[in-house]
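[1] give the three-dimensional model of this entry:
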Amino acid sequence: MKIVNKVTVGLVGAFLLFPFLFSCSSSKGGGGHDTMKTAEEFIPLTVGNQWIYNYGFDDNPSKQQITVVGSITRDGTEWFQVEYTFQGSSTADTLLLRNDGHRHIAYLRSLKEESVLIDFSKTELDSAKLEMAVVKEQNKVVEIESRTYAGCVVVSSGFMDAGVETYAPGVGLVESWWFRGRKKLVGGIVNGKKIEA
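    Next comes the predicted model:
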């Protein structure tokens, strides 16, 4: 397994950071920090959880599979090994991820440091941390394929090429749009519950 670098972490934001939404009703996420859920509620990191996405543009999507394959302890902190594979590829990228309260964090092995990918308690970008995504909308109802997801949040970062991502509580990333493509949840297993589109 290959542990990816900081650039790849930004690109993997396709799982964690970048969607734009369609066919939904919503309310803006101005305040409401006290009602925001934890990162674990929006990105459930449990060994065995798996998400399958149509990845790319609708006319020619490929399948991406993201699986929590294990966990390790590093300096007394539990990290989950999350593997990213594409249909037809024999290689996989693995990230070390964890949730800490409202924050979703990656461990960057090459730099030996942590990087906060998403802070579900923040609604304003931090100019010193443009790579960190924050909540732009909350309490969205999103329709993906034949499924409806309620209570969703939309997050985005300050990167120039960043898109927007939509997370459903108890499920994870359900939709993502960015400059070069789109990703939609089409299947998986989360905490023992099967997801089918």
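
[2] check which element follows the lowest-mean-pLDDT helix or strand in the chain along the chain.
    One helix or strand of the chain scores below all others by mean pLDDT, DSSP states H and E: strand 24-28, with a mean of 36. As assigned by DSSP states H and E, the chain's next helix or strand after strand 24-28 is helix 39-42.

[3] now that next one: mean pLDDT?
    Helix 39-42 carries an average pLDDT of 96.

[4] give me the neighbour count for S157.
    By the criterion of other CB atoms under 10 Å, S157 has 24 neighbours. Every C-beta, even on glycine, is put in place using the N, C-alpha and C of the backbone.

[5] same thing with A39?
    A39, neighbours per other CB under 10 Å, totals 26.

[6] quick one: contacts for the closest residue to G181 other than its chain neighbours?
    Closest residue in space to G181, ignoring its immediate chain neighbours: G56 at 4.9 Å, by CB to CB, 6 or more residues apart in numbering. Neighbouring residues of G56 by CB atoms under 8 Å, 6 or more residues apart in numbering: 62, 181-182.

[7] show me the residues around N99 that make contact.
    Taking CB under 8 Å, 6+ apart as the test, what N99 contacts is 38-40, 43, 45, 105.

[8] swap in 6 Å and give it another go.
    39-40, 45 (CB atoms under 6 Å, 6 or more residues apart in numbering).

[9] re the thing from before, what is the residue nearest to G181 paired to in the beta sheet?
    R182 (DSSP bridges).

[10] how near is it to V171?
    21 Å (CB to CB, to the nearest Å).
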